[in-house]
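> requesting a structural model of the entry that follows:
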Amino acid sequence: MYVLFEGIDTCGKSTQIELVAQKYPEIIITHEPGGTPFGKQAREILLTNALASKRAELLLFLADRAEHYQEVIKPNQDKLILSDRGFISGLGYALANGDFDFDELVHLNRFALEGHFPDKIILFLTDMPTLTYRTSQKSLDGIERRGLEYLLEVQEHMKQSILKLGIPHLFVDATDEIQNIHDTILEYLKL
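Residues are numbered from 1 along each chain as shown. Model (predicted):
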């Protein structure tokens, strides 16, 4: 089973993946971008916000997604794979950047993923006060420096994309206690 943990920065998805991995070390843990050698290079470019073209940014994400699917997801389809981000983030950021059509983005992502969308998606939903506090506790990367309103717009695009696609999902209140979130996720994944 291929499961995406989705959400904007500081929402707690990485913490929850670590908690699940501690209990179930046999699970495959990966992330996008950066889950492959190529992905590490792509991530560096993306986080420095070095690209002037939003289309170039989108295509770099798609190249990373195709490589990640080929190298990590496809060979491990018989195992439980938890990915810290995936194509829902790709849709959310592209739509927030504007000038992109939802159906066209879905088509491009379907191509990058060889027609295989994830089996389940867990989306962590945060709010402005929590996002403000958590981002104040760290140094911001190029994407985070676009602003908190931008990040919340990305989050809304992620949510709407999941609903439009009809992929089985769980929406998590990222402002809840860590243990409550963890218990909810374990129940949803039936672990």
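> below-threshold pLDDT in this structure: ranges please.
138-145, 147 (pLDDT under 70).
> try it again with 80
Within the chain, the set of residues satisfying pLDDT under 80 comprises 47-51, 131, 134-147, 191.
> what ranges does it have for its strands?
2-6, 28-31, 81-84, 120-125, 169-173 (DSSP state E).
> please spell out which residues along the lengthiest helix in the chain are buried.
For the chain, the helix that runs over the most residues, judged by DSSP state H, is helix 148-165. By neighbour count on 16 or more other Cβ atoms under 10 Å, the buried set for helix 148-165 is 150-155, 157-159, 161-162, 165. Glycine gets a C-beta too; all of them are placed from N, C-alpha and C.
> what is the burial count for Phe171?
For Phe171, the tally of surrounding residues (other Cβ atoms under 10 Å) stands at 14.
> so who does it touch?
123, 125, 159 (Cβ atoms under 8 Å, 6 or more residues apart in numbering).
> give me the buried positions along stretch 83-99.
83-97.
> name the nearest of those residues relative to Val72.
Ser83 (8.1 Å; Cβ to Cβ).
> what's across from the closest one in the sheet?
Note on Ser83: beta-bridge partners by DSSP bridges are Leu4, Thr30.
> point to the residue nearest the middle of the chain.
Centroid-nearest residue in the chain, with Cα atoms, centre = their mean: Arg85, separated by 2.1 Å.
> and Ala112, how far from Ile8?
Distance, Ala112 to Ile8, using Cβ to Cβ, to the nearest Å: 21 Å.
> just want to know which of the two has more residues nearby.
Neighbours were counted for Ala112 and for Ile8 using other Cβ under 10 Å; Ile8 has more, 29 against 21.
> shouldn't the more buried one be in contact with Leu151?
Yes - with contacts counted by Cβ atoms under 8 Å, Ile8 reaches Leu151, the gap being 4.5 Å.
> list residues touching both of those two?
What both Ile8 and Leu151 touch, as defined by Cβ under 8 Å, 6+ apart, is the set Leu131.
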